[in-house]
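Asker: Based on what follows, work out the 3D shape:
(one chain, ligands or ions: 2)
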Amino acid sequence: MNDPRKLYVKSFGCQMNVYDSRRMADTLAPHGYAETAAAAEADLIILNSCHIREKAAEKIYSELGRVRRLKEAAAAAGRRLVVAVAGCVAQAEGEEIIRRAPAVDLVFGPQSYHRLPELLARAARDGKAVDTEFPIDDKFDHLAAPSAAATRARGVSSFVTVQEGCDKFCTFCVVPYTRGAELSRPVAKILAEIEHLAAAGVREITLIGQNVNAYHGEGTDGRPWSLARLLHRVAQIDGIERLRYTTSHPRDMDDDLIAAHRDLGTLMPQLHLPVQSGSDRILAAMNRRHSCADYRNTVERLRQARPDLALTSDFIVGFPGETEGDFAATLSLIDAIGFSGAFSFKYSPRPGTPGADMTDQVDEAVKSERLQRLQAAIDRNQAAFNRGCLDRTLDVLFERRGRHAGQLVGRSPYLQPVQVVAPAALIGEIAAVTITDIASNSLFGALAATPAPVFAPEPALAGAGA
Ligand code: 5AD
Ligand code: SF4
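Answerer: Ligands and ions are numbered 1, 2, ... in the order given. Here you go, the predicted model:
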């Protein structure tokens, strides 16, 4: 038999891309491609790109500079290296990528991954291939499942895409254009995928989608199911001990989903709920369809359902028209909520989005200065949240060996990384850990003699909600 050809996939951007990259590798495995971690020995390099901000898109072109040198070195050694660009930059720029970076052989968007073997054949025959259609058929029907060995090698925590695309059209965002209209996968297919992962040893599932809580896939009864209903069903799968979902839109946090945070023990008490800004004027200009008060109200209801819920968010500074007063409102919101962490970005005008055409763009220097102040506020919030975990005993799911001998790294229920001296046999297991120290947002702990206290809603709260 021929030696397998070597595939190197590099993901940029969101978890969706990480998931898609794995599924591309799974799809190519039966066609004789084995993954390698060394780009220099690859026969096929796929860069799975992100277009969300200009900086993210530019990363692909600088990476392509390095890849071109690898391609030249391979050619000098008499070997053909095929270079592919996938993902949202590919979707948005199409052939332009080949014009700007002639080393690229293949360009294809997020809806074409299942056609990868056919596209590779086309590139081999015609020299180049570009595919940025939004096909009618569902790519998930055609993407191959990973082997049990591949699943195990990827660890005990896994992402599963349940919906893709977005119909919200926030005025800063390219997602509705690059990923297309919102599409939810049917429940039966999601369950089959998770059962397969659980059988291979996966213990934690994060359901992912660009607007995951807008999920409305076809249920096993033929009717549309909400994300809450899907979570309840996934929680019944043997072996799945932890559930998470991301990324959610505040408008789609419905009563059932909030109640799931109270009723489902396997649903971890951490939620990523981007708010973007604390100013109603800016939220309206962003077309977010919620006010600051709506957001605070949703958080309050979530915390009634699950008092220890850790919240994280995304923020954009310097959206067109943002005044110092608008920005001050964002800082007040941060302190009013108390986030356990957040991502923050300078507004980056994306061609084709309404925000890019707004006339009152904010000066770069002002954006940079606001970003610094915003990050300082988030760091304060995060440090306070972490301090609150000191001396507590938390359940940790151990994922892998740590940097130092004898050490393992796992995640707390709040998604914090925790480093513990523990036997390697605990990888894939959940154990109680007492938090003893904190350094730069990592927690350190020791295996506890007694189990972590089980979360129990206070009786007054148990009947609330809905
Ligand atoms: N500029 C800056 N940040 C952006 N995001 C999305 N689009 C832009 C943009 N044009 C941020 C939002 C979103 C996160 C994934 O990326 O905060 O929630
Ligand atoms: Fe983009 Fe808004 Fe959709 Fe999120 S909800 S993917 S920010 S358009």
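
Asker: what helix or strand does His404 sit in?
Answerer: Under the criterion of DSSP states H and E, His404 resides outside all helices and strands.

Asker: how about it, phi and psi?
Answerer: Note on His404: backbone dihedrals following degrees, to the nearest 10 are phi -100, psi 150.

Asker: and it, how many neighbours?
Answerer: Burial of His404, expressed as a neighbour count using other Cβ atoms under 10 Å, amounts to 8. Using the backbone N, CA and C atoms, a C-beta is placed for each residue, glycine as well.

Asker: The residue nearest to Ala200 when sequence neighbours are not counted and ligand 2, how far apart?
Answerer: Nearest-residue entry for Ala200: Thr151, 3.8 Å, with adjacent residues in sequence omitted and distances by Cβ to Cβ, 6 or more residues apart in numbering. Distance, Thr151 to ligand 2, by Cβ to the nearest ligand atom, to the nearest Å: 28 Å.

Asker: gap between Thr151 and Arg203?
Answerer: Separation of Thr151 from Arg203 (Cβ to Cβ, to the nearest Å) stands at 12 Å.

Asker: can you list the residues of the stretch 151-300 of the chain near ligand 1?
Answerer: Phe172, Cys173, Pro274, Gln276 (Cβ under 6 Å from any ligand atom).

Asker: Type out the PyMOL command that picks the buried ones from those.
Answerer: Once 16 or more other Cβ atoms under 10 Å is used to decide burial, the buried members of those can be selected in PyMOL as follows:
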select buried, resi 172+173+274+276
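
Asker: Any residue of stretch 346-359 touching ligand 2?
Answerer: No - taking Cβ under 6 Å from any ligand atom as the criterion, stretch 346-359 and ligand 2 are apart, separated by no less than 9.0 Å.

Asker: send the alpha carbons of that stretch over as CSV?
Answerer: Extracted C-alpha coordinates of stretch 346-359, given in CSV (Å, rounded to 0.1, in the frame of the first residue of the first chain):
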residue,chain,number,x,y,z
LYS,A,346,-11.5,47.3,18.3
TYR,A,347,-14.2,47.8,15.7
SER,A,348,-12.9,46.7,12.3
PRO,A,349,-15.0,47.9,9.3
ARG,A,350,-15.8,44.9,7.2
PRO,A,351,-16.5,45.5,3.5
GLY,A,352,-20.1,44.8,2.6
THR,A,353,-21.5,45.4,6.1
PRO,A,354,-23.6,48.5,7.0
GLY,A,355,-21.1,49.6,9.7
ALA,A,356,-18.4,50.0,7.1
ASP,A,357,-20.4,52.7,5.3
MET,A,358,-21.3,54.7,8.5
THR,A,359,-19.8,58.1,8.3
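
Asker: Could you give me the buried positions within it?
Answerer: Residues of stretch 346-359 classed as buried: Lys346, Tyr347, Ser348, Arg350, Thr353, Pro354, Gly355, Ala356, Met358 (neighbour count, 16+ other Cβ under 10 Å).

Asker: Secondary structure and pLDDT for those residues - can I get that in TSV?
Answerer: As requested, the buried residues of stretch 346-359 are arranged in TSV below (DSSP: H, G, I helix; E, B strand; the rest coil; pLDDT from 0 to 100):
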residue	secondary structure	pLDDT
Lys346	strand	97
Tyr347	coil	97
Ser348	coil	95
Arg350	coil	93
Thr353	coil	96
Pro354	helix	97
Gly355	helix	97
Ala356	helix	96
Met358	coil	97
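
Asker: farthest-separated two in those?
Answerer: Using Cβ to Cβ, the buried residues of stretch 346-359 span at most 18.0 Å, a distance reached by Lys346 and Pro354.

Asker: I'd like the mean pLDDT over the host helix or strand of Val83, please.
Answerer: Taking DSSP H and E as the definition, one finds Val83 inside strand 82-86. With pLDDT averaged residue by residue, strand 82-86 scores 96.
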